[in-house]
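# Provided below for reference: sequence and predicted model.
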Amino acid sequence: MVQLGSRLLKGYRGGHVVIRFALGGCTNRPFYRIVAAHSRRARDGKYLEQLGCLDPLPNAHGERVAGLNLERLRHWLGCGAQLSRPAEKLLGLAGFLPLHPMTVTGAERLRRRRAQEAVAPPTDGSPGDAP
Amino acid sequence: MTGLNLQKVFRPVKKELKPPKYKLMTEAQLEEATRKAIEEAKEKLIMPPVLNEREPIDDVLAEDKFLEGTETTKYVFTDLTYSIPHRERFIVVREPNGILRKATWEERDRMIQIFFPKEGRRVIPPVVFKDEHLVTVFQQDRHEDILNMCIAQFEPDSPDYIRVHHRTYDDIEKHAKYDLLRSTRHFGGMVWYLLNKKKTDGLLIDMIHRDLLDDATSLITLYHMLHPECQSANEAKERKLQGVDLIKIFVKTESQREGYIQLALQAYEEAMATSTAS
């Protein structure tokens, strides 16, 4: 039908290729596909190529499985694709890219917060115990 | 020595039921068909590789200790490039304590099976391959089936493959069930294992009982090639013995069950004498 055809061949103004996560799966069961797509497309919509996948929930052996097609990834990066922040962090963890600075910052912030919580409850607890 | 028993090699594997096809052939066509069948059977009887156990991998790529505590479970990253062989694939693990290391062999096999599934292989190896269940398999005389399953499931240099094979061969040797593997591709592997362990007596007796003297002589020549420093090898080289004499020298010097083998040899010679006389 002609009405469908023109909708499918949608052209966008501006935009660039991004490598990002497309969410799939079911309720309370996410599954991400690492995908090269136009930035203006829907998150789960038509993509140029699937470059891998990530299962955020741990499996029976306690590991989160991720697959990355490094050859095609290098091809798209060579074509000038940009990366989304979670994709950069994942590739930093994998060792393909250097570690993202936000990963380091996040780790430090978490450690500082945990240190504060470790110090704070004893000081909150003792005045509460004293009548 | 594996023996070429066409009936056993092309024994009907359980498939869908099809009515048998009858062809009308001349003598020449029948010979042609038999020749082709023998060639195909030889291909099916090629021995699977026998390798040493693989070294465990423990190679650390990066240590980032400040990431400790951010995550609770590890990440396993697999390279999904289609055109690289599985042995060279990059499979790395980022542990919760921040270390980026190469994956162990078991993790590698599991990941490769998840992303590039091979027919007949499961992601988690079936429970049959544990020692207590192998005993049940051996009681049912299904050594060949379990060895075929083992070849499909494990890599030839994995410790599980080697362990299952060694257990099977030990059980066959204990109960003298050599004929189960006779016309299969596992026979060569069994003979190699027994030669290395020097437990060839049972096999020799079995061969003599079935009047396979050529096989017995080839077995002993192989033994001499593997262990050239033993006494019988030196004597055989000096006197250049052939056939039954070779077996007799071997029996005198190397074997543990001398009495049995000499009895079997005597029975064979008597049978030969009566058959030539009559």
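Received, thanks. Numbers count the residues shown, from 1 in each chain, chains lettered A, B, ... in the order given.

# In which helix or strand does the closest residue to chain A within the stretch 151-278 of chain B reside?
Using C-beta to the nearest C-beta, B:Asp160 is the residue of the stretch 151-278 of chain B that sits closest to chain A, at 16.5 Å. To be clear about C-beta, it is placed using only N, CA and C from the backbone, and glycine gets the same treatment. Per DSSP states H and E: B:Asp160 is located in helix B:159-175.

# And for B:Gln266?
Going by DSSP H and E, B:Gln266 is part of helix B:258-277.

# What residues sit buried inside that helix?
B:Tyr260, B:Ile261, B:Ala264, B:Leu265, B:Tyr268 (16 or more other C-beta atoms under 10 Å in any protein chain shown).

# got it, and stretch B:60-69?
B:Asp64, B:Leu67.

# distance between the ends of that stretch?
19 Å (C-alpha to C-alpha, to the nearest Å).

# What residues does chain A have near chain B?
A:52, A:58, A:60-72, A:93-95, A:99, A:103-104, A:106-108, A:110-111, A:114 (C-beta under 8 Å from any C-beta of the partner chain).

# low-scoring stretches of the chain, by residue?
Since no chain was named, I'll use chain A. In the predicted model of chain A, residues A:1-9, A:122-131 satisfy pLDDT under 70.

# wrong one, I was asking about chain B
B:1-18, B:241, B:278.

# which residues of it fall in strands?
B:60-63, B:74-79, B:91-94, B:99-102 (DSSP state E).

# Show me what the helix holding B:Asp160 packs onto, helices and strands only.
For helix B:159-175, the packing partners by 3 or more C-beta pairs under 8 Å, 6 or more residues apart in numbering or on different chains; DSSP states H and E come out as helix B:131-139, helix B:143-153, helix B:187-197.

# Which one, of these, ends up nearest to B:Ala103?
B:Ala103 sits nearest to helix B:143-153 of all the helices and strands packed on helix B:159-175, at 18.7 Å, using C-beta to C-beta.

# Could you pull out the buried residues of the closest one?
So for helix B:143-153, counting by 16+ other C-beta under 10 Å, buried means B:His143, B:Glu144, B:Ile146, B:Leu147, B:Asn148, B:Met149, B:Cys150, B:Ile151, B:Gln153.

# closest to B:Ile249 among those?
So of the buried residues of helix B:143-153, ranked by how close each gets to B:Ile249 (C-beta to C-beta), first place is B:His143, at 32.0 Å.

# which ones are touching the closest one?
By C-beta atoms under 8 Å, 6 or more residues apart in numbering or on different chains, the contact set of B:His143 is B:Val137, B:Thr168, B:Asp171, B:Ile172, B:Lys177, B:Leu180, B:Leu181, B:His186.

# Report the buried members of the residues you listed.
B:Val137, B:Thr168, B:Asp171, B:Ile172, B:Leu180, B:Leu181, B:His186.

# closest to B:Arg89 among those residues?
For those, the nearest to B:Arg89 is B:His186 (29.2 Å; C-beta to C-beta).

# I'd say the closest one and B:Ile146 touch.
No: if you go by C-beta atoms under 8 Å, B:His186 and B:Ile146 don't touch, sitting 10.1 Å apart.

# if I look at A:Val104, how far off is A:Arg64?
Distance, A:Val104 to A:Arg64, by C-beta to C-beta, to the nearest Å: 20 Å.

# Show me where chain A has its helices.
All helices of chain A, identified by DSSP state H, fall at A:2-8, A:70-78, A:85-94, A:101-129.

# Pull out the buried positions in the last one.
By neighbour count, with 16+ other C-beta under 10 Å as the criterion, the buried positions of helix A:101-129 are A:Thr103, A:Ala107.

# chain center to it, what's the gap?
Distance of helix A:101-129 from the chain centroid (C-alpha atoms, centre = their mean, to the nearest Å) equals 26 Å.

# and what of the third one?
For helix A:85-94, the distance from its own C-alpha centre to the chain's C-alpha centre is 7 Å (C-alpha atoms, centre = their mean).

# Residues in contact with it: which ones?
Residues contacting helix A:85-94 (C-beta under 8 Å, 6+ apart): A:19-21, A:34, A:54, A:66, A:68, A:83, A:97-100, A:102-103, B:75, B:77, B:92, B:94, B:100.

# Are any of the residues you listed buried, and if so which?
Of the contacts of helix A:85-94, these count as buried by 16+ other C-beta under 10 Å: A:19-21, A:34, A:54, A:66, A:68, A:83, A:99-100, A:103, B:75, B:77, B:92, B:94, B:100.
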